[in-house]
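Asks: Let's see this in three dimensions:
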Amino acid sequence: MSSATRQRATVAAVFLGLIAVTSIWLAIDRRPPEWDYANHLENALRCRQDVAAGDLGAVFARSSFYPPLVPCAAALVYSVLPSDAAFGHVVMLAFLGLGMVSTYILGRRLAGGTGGVVAAVVFGTAPLVVHHVLHFQLDLPLASLVATFLAALLATDHFERPTWAIVTGALLGLGMLTKPPFFVFVAPACLVVAIGMRSRRAWLHASLAGLVAVLVALPWYGPRALGLATQFQNRSFKQAEEAGFPAALSSASLAYYPLNSPSQVGVIATVLVVIGVGVALRRRCWYLLAGLAPFLVFLLLQNKQMRYLLPLMPMIAVACALGFEALPRPGRWGAGVALAAAVLWQVSSAALAPPPDGARWPHRPILEALARDSGGAPRTVSIVANHPYFSPSNFRYFALRDGLHLRVARAWEGEPIGIDYMVLKSGDLGPPLTIDKARQVGERLAADAALARAFPVIGEFRLPDGSTASVRARRLADDLDVTPDALARAVTAGLRARLGEVMRDVEGLEIRLDYDARILGGRITRLEIAAAAATVGELRKRQPALLRVRDVLVVIEDALVNPWSAARTGRFDPLDAGRLRIERATVEAADLRSFLGQVKGVGRMSLSLGTGFVDLTFETPGPDVAARVRFVPRTDRLFVLVAERVRVGSISVPPLLVNWIMASFDPSRGIASRLPFPAAIAPVTVTPGSVRIGGPESRSP
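Replies: Residues are numbered from 1 along each chain as shown. Got it, this is the predicted structure:
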């Protein structure tokens with residue numbers, strides 16, 4: 001047997017061992033997928049539905065930040081292996097195998113044959129990697145495609161070989177369709193290769209590779225081109241600050257990766273990596289160092305999690321191999337024995353700590369109870385806790401998997417508007433960042449007898465962590481001992497008081513109710529709110545953005561309120577609505593400019609109104625962006641914004657491209673997704689002096 005064959009057999013044996021460990025773990029563990037793991041599995045099932053329906057546009061439109069490659073790969077596996085415990089892990093194992101093979105090729109090219117084996121084994125058995133084999137997330141596939149791309153990039157021989165150039169371009173596009181940070185991990189290596197290019201033919205091949213990458217990735221990135229930078233910034237800093245991460249340049253933040261990496265890479269491997277980096281510096285192995293350079297980028301970000309460094313593992317493993325090969329022969333024997341022992345320890349520790357849990361969480365019984373109670377009709381259920389094994393994410397996935405007509409929502413705030421069922425949990429409610437909302441719901445139900453009466457408990461379930469899940473359903477009976485007229489007066493007075501939470505400086509306020517005897521069960525046929533003028537905004541917030549509107553008429557059809565809170569305490573507690581429609585509203589140009597000046601994030605935007613259009617100008621650190629925007633009515637949403645005459649500096653942008661991108665920024669989509677019931681507005685008319693919704697012809701009789 002040749003040495004190359006032995007090397008490949010060793011890598012294959014380690015990979016088969018990891019498959020065996022994963023299979024044992026799956027046979028024992030019964031915990032539901034947690035958080036992002038469940039979200040990605042849900043995306044896989046939705047991709048399967050979209051592909052089955054022939055709707056490829058929906059495949060590329062689903063997520064604003066996560067591309068579809070990995071979920072759709074899992075969707076293909078699910079078609080032949082529809083098992084929660086298998087289809088996602090099959091995809092993870094496939095990417096693990098790809099990553100080990102690619103890392104072996106990189107290691108063999110940069111550190112010799114034995115070094116290739118060391119690199120592949122170190123990559124495949126690192127605790128960080130083994131952990132992610134057991135969880136369906138995007139970081140391991142990203143790491144594997146980074147390794148595959150870097151190996152293919154080396155094979156281009158500085159882009160002198162056209163076939164490998166095309167392969168590299170395709171891999172670049174596929175990597176970007178795995179997760180947007182892909183480019184950060186491969187850009188330094190691309191720069192090193194570009195510096196070494198000497199011929200015009202090589203530059204032609206590199207351009208061809210870039211074109212292939214754009215063609216592969218453009219369907220998903222095109223509509224999101226303008227928004228990804230903001231998302232990166234929010235995820236890297238804003239959301240990290242909200243979650244309580246230390247400041248980006250603080251000692252605690254800068255020390256996070258250096259202190260935690262040895263436990264996730266392996267102590268022995270970490271020592272060899274340090275030696276390998278020294279060898280690479282001495283030998284001027286810039287390609288290897290470029291593959292490690294993205295570590296500095298992530299070191300400076302405030303949002304830090306070890307999984308973000310997983311795509312560096314292939315090059316970390318190659319550096320380990322280089323350090324191993326630099327040892328004297330006795331040192332290599334000793335390091336080999338130590339690595340073998342570390343591999344056994346790391347794999348068992350990462351896979352079995354914490355040990356797999358054989359207890360089943362009762363998601364399916366709870367969902368089946370909800371389906372029976374609702375008679376299979378579409379309903380909304382609020383999962384109040386955010387425990388890793390009892391959260392909206394895994395309930396949403398299981399509901400989709402079982403084909404139930406249930407919309408799963410998070411813990412509600414303010415009032416349970418549009419909520420048909422609530423599922424609460426005692427004991428551990430989840431991480432500190434989300435626990436307040438869950439506690440507020442529980443405290444509100446305990447203190448508010450009218451709300452508890454409207455949502456009685458219909459079932460309880462014991463959970464494996466010793467806590468209890470209680471299911472509450474909305475039940476409204478018309479058993480009040482008041483007349484419909486008296487209850488209507490109480491509802492009107494309560495609504496007038498609550499409007500103070502969203503309106504001030506109100507002129508000519510009128511509230512009209514169209515009702516019958518069903519109001520005793522909380523049902524109001526039509527509710528109208530009219531005002532000659534009012535200043536509106538979320539007044540309960542600090543420094544809310546306020547907008548002055550005039551000639552306002554809002555109509556709510558099939559409104560549902562809590563009749564007991566209205567009758568007993570005179571409080572207006574909304575529960576649901578058939579539809580909300582803004583029939584009339586007028587905003588003067590000066591008031592609109594004042595409002596936009598208060599909205600965070602648009603302070604550098606100016607506007608002017610014309611006949612049927614709005615001219616917008618965005619001041620940016622680079623060239624300013626100007627556009628003319630029109631409102632186009634739609635029956636399936638509030639409105640659509642159509643842009644024309646778009647210019648970036650002095651450059652005109654084709655309207656087709658702009659409106660393709662704007663489709664993902666349409667504010668009506670976001671508004672509709674946040675509302676718990678359908679909403680509509682009358683046609684919008686823009687004049688040089690105002691923006692008007694509806695008009696005299698929209699007035700109710």
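Asks: where exactly do the strands run in the stretch 51-200 of the chain?
Replies: Read by DSSP state E, counting those that start in this stretch, the stretch 51-200 of the chain holds no strands at all.
Asks: what's the domain layout of the protein?
Replies: Here the chain is described, according to automatic domain parsing, as comprising the domains 3-219+246-352, 363-473, 583-701.
Asks: Rounded mean pLDDT for stretch 398-418, please.
Replies: Stretch 398-418 comes out with an average pLDDT of 94.
Asks: Next: stretch 272-279.
Replies: Per-residue pLDDT values across stretch 272-279 average out to 93.
Asks: likewise stretch 187-198?
Replies: For stretch 187-198, mean pLDDT rounds to 94.
Asks: Also stretch 89-100?
Replies: When pLDDT is averaged along stretch 89-100, the result is 95.
Asks: How about stretch 573-581?
Replies: 94.
Asks: So what would you say the end-to-end distance of that stretch is?
Replies: With C-alpha to C-alpha, to the nearest Å as the measure, the ends of stretch 573-581 fall 19 Å from one another.
Asks: got the buried residues for it?
Replies: For stretch 573-581, the neighbour count (16 or more other C-beta atoms under 10 Å) marks Asp573, Pro574, Leu575, Asp576, Ala577, Leu580, Arg581 as buried. C-beta here means a position set from N, CA and C on the backbone, and glycine is covered the same way.
Asks: picking that back up, want to throw the domains of the chain into TSV with mean neighbour count and distance to Leu499?
Replies: Supplementary listing: the domains of the chain in TSV, determined by neighbours: other C-beta atoms under 10 Å; distance: least, C-beta to C-beta, whole Å:
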stretch	mean neighbour count	distance to Leu499
domain 3-219+246-352	20	34
domain 363-473	18	14
domain 583-701	14	15
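Asks: Quick one: the helices in the stretch 401-550 of the chain, in order.
Replies: Assigned helices in the stretch 401-550 of the chain, in chain order: 432-447, 449-454, 484-498 (criterion: DSSP state H, counting those that start in this stretch).
Asks: Out of those, the one nearest Arg474 is which?
Replies: Between Arg474 and the helices of the stretch 401-550 of the chain, the tightest spacing by C-beta to C-beta is seen for helix 449-454, at 6.2 Å.
Asks: mind checking how far that closest one is from the chain centre?
Replies: Mean C-alpha position of helix 449-454 versus that of the full chain (C-alpha atoms, centre = their mean, to the nearest Å) differs by 34 Å.
Asks: next one: phi and psi at Ser247?
Replies: For residue 247 the amino acid is Ala, not Ser. phi -60, psi 150 (degrees, to the nearest 10).
Asks: hang on, isn't it packed against Leu254?
Replies: No - contact status for Ala247 versus Leu254: not in contact, 9.8 Å apart, counting by C-beta atoms under 8 Å.
Asks: Which strands or helices does the lengthiest helix in the chain pack on?
Replies: If each helix of the chain is counted by residues according to DSSP state H, the longest one is helix 87-125. Secondary-structure packing of helix 87-125 (3 or more C-beta pairs under 8 Å, 6 or more residues apart in numbering; DSSP states H and E): helix 3-28, helix 35-52, helix 69-80, helix 127-133, helix 139-155, helix 313-326, helix 329-352.
Asks: about what we covered before: can you lay out the domains of the chain as JSON lines showing distance to Ala240?
Replies: As requested, these are exported to JSON lines (distance: least, C-beta to C-beta, whole Å):
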{"stretch": "domain 3-219+246-352", "distance to Ala240": "4"}
{"stretch": "domain 363-473", "distance to Ala240": "11"}
{"stretch": "domain 583-701", "distance to Ala240": "18"}
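Asks: quick one: Arg475 from Thr148, how far?
Replies: 56 Å (C-beta to C-beta, to the nearest Å).
Asks: which residues touch Ala4?
Replies: Gly113 (C-beta atoms under 8 Å, 6 or more residues apart in numbering).
Asks: can you pull the pLDDT of it?
Replies: According to the prediction, Ala4 has pLDDT 84.
Asks: Ala377 now?
Replies: Note on Ala377: pLDDT of 93.
Asks: same deal with the one 4 residues further on?
Replies: On the pLDDT scale, Val381 is placed at 97.
Asks: Can you verify it is assigned to a helix?
Replies: No - assessed by DSSP: H, G, I helix; E, B strand; the rest coil, Val381 does not belong to a helix; its assignment is strand.
Asks: show me the contacts for it.
Replies: The neighbourhood of Val381, defined by C-beta under 8 Å, 6+ apart, consists of Leu370, Phe395, Leu406, Arg407, Val408, Ala409, Ile419, Asp420, Tyr421, Met422, Val423.
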